[in-house]
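> need a structure here:
(one chain, ligands or ions: 1)
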Amino acid sequence: MGFNTSLLHNAAVNDKFGATQPPIYQVSAFSHDSAETLEKVFASRAPGFSYSRIGNPTVDAFEKRIAALEGGIGAAACSSGMSAVTAALLNILQAGDELIAGAGLFGGTIDLFSDLAQFGITVKFVDSVTAENVAAMITERTKAVFAELIGNPKLDVVDIKSIADVCHSSGIPLVADSTTATPYLVHPFEYGADIVVHSASKYINGGGNSIAGIIIDSGNFKWDSGKFPAFGKYRAFGKFAYLSKLRNGLWRNAGVCISPFNAYMCSVGLETLGLRMERICSNAKALAGHLQTLDGITVNYPALESSPYFPLVQSQFGGMGGGILTIRAGSREKAFRLINSLKYALIATNIGDIRTLVIHPASTIYLHSDKARREQAGVYEDTIRVSVGIEDINDLITDFENAVKGENTNG
Ligand SMILES: *Cc1c(COP(=O)(O)O)cnc(C)c1O
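The predicted model follows:
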């Protein structure tokens, strides 16, 4: 099955009326014919649902679609990308542990990592996520490596296999945030990643209409070394140890469940992921290619030949660079004026929408990071992040060209 076919037919809806989309079960609880049945459902000894924080058929359908798409053994959907990142990591880490992460991370994740300090979890950042840098930072306390496959907004690309190899030789898992890469560019499990998380609010949903997240398990990592004592009784679940611990533990107890309606919106959005990404990647490449010929700005896009990640984009992502590019405008004032003079691009803090969106990250998403941390994440005072949409490319090129040329004339 090709990518687009698999989106439609991989985890088809099983509905007695033949519904072509998973019906929305907008309920909190499910009733059963006897106390005995409910007891069995609670103990996972009978199929069925009890309460939507713990499981819901619409959510289940979304989880199955994503798990099939990523080639995982299962998935747990979450209320947001941030709750997915949080639950995915706290399912592994405990007080005293260390996590290694790339510095070029999404601002919310950087903020989360400072929150983890109060629970005794230390996050160590590597400037660039290379096998050498990661290997040099691993200690006995390191319990996982976390990386965004295309850093948002640094746009650094991770060589997944080399990092997974380093992790596995130290007996720790690689947790990959594949939000910006999407399953259209890469299936991280094929390169050795162990756990994948997505902010489904972005490309998976695609329409910018729901906040959502999801955690997918490859089932490949062995949690039975002495390094992960909290897995205790869950080791009996074999390759389902991680998901069982997650679903029976923090995921349900912290209540990070997604609403059935948002799961439905993401299921529907997912079906056009291939079409949207094809258009978004070609738009982004054409726009970046054109913008780099203009004076007064510099452009960063991983699929440009001028990018240091160009070779990796060819070998790992089939030549596609995703939907985000960044522009450095020369100064904060110029960046603001450039943003303000765009006609089609909306000024909004999101990515992965079908509409083109722009933002000045330093004054928004990275407001809470200090200058050093911001610059490590590729965010300077003059950086503009562009999340490219599916508009006609000529309109986008004209819009950005007019804004840049206007800025050059102004001053
Ligand atoms: C947006 C984003 C998140 C957070 O997702 P939310 O759905 O906004 O909570 C995490 N990682 C990356 C790479 C993102 O772009």
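> What pLDDT does the model give the residue of the stretch 301-411 of the chain found nearest the ligand?
The minimum distance from the stretch 301-411 of the chain to the ligand, using Cβ to the nearest ligand atom, falls at Ile351 (5.6 Å). For glycine as for every other residue, the C-beta is placed from the backbone atoms N, C-alpha and C. Looking at Ile351, its pLDDT is 97.
> That one and Thr182 touch, don't they?
No - if you go by Cβ atoms under 8 Å, Ile351 and Thr182 don't touch, sitting 10.7 Å apart.
> These two: who's more crowded?
Here Ile351 and Thr182 are set side by side on neighbour count (other Cβ atoms under 10 Å), and the busier one is Thr182, at 27 against 24.
> so who does the more buried one touch?
Each residue near Thr182 by Cβ atoms under 8 Å, 6 or more residues apart in numbering is listed here: His198, Tyr203, Ile204, Leu273, Met277, Gly322, Gly352.
> Throw the residues you listed into JSON lines and include neighbour count and secondary structure, thanks.
Converted to JSON lines, those look like this (neighbours: other Cβ atoms under 10 Å; DSSP: H, G, I helix; E, B strand; the rest coil):
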{"residue": "His198", "neighbour count": "32", "secondary structure": "strand"}
{"residue": "Tyr203", "neighbour count": "29", "secondary structure": "coil"}
{"residue": "Ile204", "neighbour count": "27", "secondary structure": "coil"}
{"residue": "Leu273", "neighbour count": "22", "secondary structure": "helix"}
{"residue": "Met277", "neighbour count": "24", "secondary structure": "helix"}
{"residue": "Gly322", "neighbour count": "32", "secondary structure": "coil"}
{"residue": "Gly352", "neighbour count": "31", "secondary structure": "coil"}
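> Counting neighbours, what do you get for the residue of the stretch 51-200 of the chain found nearest the ligand?
Closest residue of the stretch 51-200 of the chain to the ligand, Cβ to the nearest ligand atom: Gly81 (2.1 Å). Other residues near Gly81 come to 24 when the count uses other Cβ under 10 Å.
> wait, what's in contact with it?
Shown in contact with Gly81 (Cβ under 8 Å, 6+ apart): 106, 108, 177, 179, 197-202, 211-213.
> And the residues you listed, which is closest to Thr383?
Among these, Phe106 lies closest to Thr383 (Cβ to Cβ), at 14.3 Å.
> ok, now how distant is that closest one from Ala241?
Taking Cβ to Cβ, to the nearest Å as the measure, Phe106 falls 28 Å from Ala241.
> Between these two, tell me which one has more neighbours.
Phe106 (25 against 22).
> confidence score at that one?
If you check Phe106, the pLDDT there is 91.
> same check, this time on the one 3 residues further on
Per-residue confidence for Thr109 comes out at a pLDDT of 95.
> Just the CA coordinates for stretch 387-400, please, in CSV.
This file holds the C-alpha atoms of stretch 387-400, laid out as CSV (Å, rounded to 0.1, in the frame of the first residue of the first chain):
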residue,chain,number,x,y,z
SER,A,387,4.7,27.6,8.6
VAL,A,388,4.0,27.2,4.9
GLY,A,389,0.4,26.4,3.9
ILE,A,390,-1.3,25.1,0.7
GLU,A,391,-2.0,28.4,-1.0
ASP,A,392,-0.9,28.8,-4.6
ILE,A,393,2.8,29.2,-4.6
ASN,A,394,2.8,32.3,-6.9
ASP,A,395,0.7,34.1,-4.4
LEU,A,396,3.0,33.2,-1.5
ILE,A,397,6.1,34.2,-3.5
THR,A,398,4.6,37.5,-4.5
ASP,A,399,3.5,38.2,-0.9
PHE,A,400,6.9,37.5,0.7
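> What are the buried residues along that stretch?
Neighbour counts over stretch 387-400 (16 or more other Cβ atoms under 10 Å) mark Ser387, Val388, Gly389, Ile390, Glu391, Ile393, Leu396, Ile397, Asp399, Phe400 as buried.
> What about those residues, which are in strands?
Among those, the members falling in strands (DSSP state E) are Ser387.
> Pipe the buried residues of stretch 387-400 into a markdown table and attach distance to Gln94 and pLDDT per row.
Compiled in a markdown table, the buried residues of stretch 387-400 are given as follows (distance: Cβ to Cβ, whole Å; pLDDT from 0 to 100):
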| residue | distance to Gln94 | pLDDT |
| --- | --- | --- |
| Ser387 | 36 | 98 |
| Val388 | 40 | 98 |
| Gly389 | 42 | 98 |
| Ile390 | 44 | 98 |
| Glu391 | 47 | 98 |
| Ile393 | 49 | 98 |
| Leu396 | 47 | 98 |
| Ile397 | 51 | 98 |
| Asp399 | 50 | 97 |
| Phe400 | 47 | 98 |
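> Switch the buried residues of stretch 387-400 over to CSV; also include distance to the ligand.
Listed next are those as CSV, based on distance: Cβ to the nearest ligand atom, whole Å:
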residue, distance to the ligand
Ser387, 9
Val388, 14
Gly389, 16
Ile390, 18
Glu391, 21
Ile393, 23
Leu396, 21
Ile397, 25
Asp399, 23
Phe400, 22
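> Met82: how many residues sit nearby?
Met82 has 20 neighbours, counted by other Cβ under 10 Å.
> er, Thr356 I mean
By the other Cβ under 10 Å criterion, the neighbourhood of Thr356 contains 25 residues.
> and Ala95, how many residues sit next to it?
9.
> Report pLDDT for the residue nearest to it when sequence neighbours are not counted.
Nearest in space to Ala95, with sequence neighbours left out and distances taken as Cβ to Cβ, 6 or more residues apart in numbering, is Gly120 at 3.2 Å. What the model reports as pLDDT for Gly120 is 98.
> just Asn14 next, same as before
Listed pLDDT for Asn14 reads 83.
> ditto for the one 5 residues further on
Predicted confidence (pLDDT) at Ala19: the value is 92.
> Likewise for the one 10 residues further on?
Ala29 carries a pLDDT score of 98 in this model.
> how would you label Ala176: helix, strand or coil?
strand (DSSP: H, G, I helix; E, B strand; the rest coil).
> ok, it - contacts?
Neighbouring residues of Ala176 by Cβ under 8 Å, 6+ apart: Phe146, Ala147, Glu148, Leu149, Val158, Ile160, Pro188, Ala193, Ile195, Val196, Val197.
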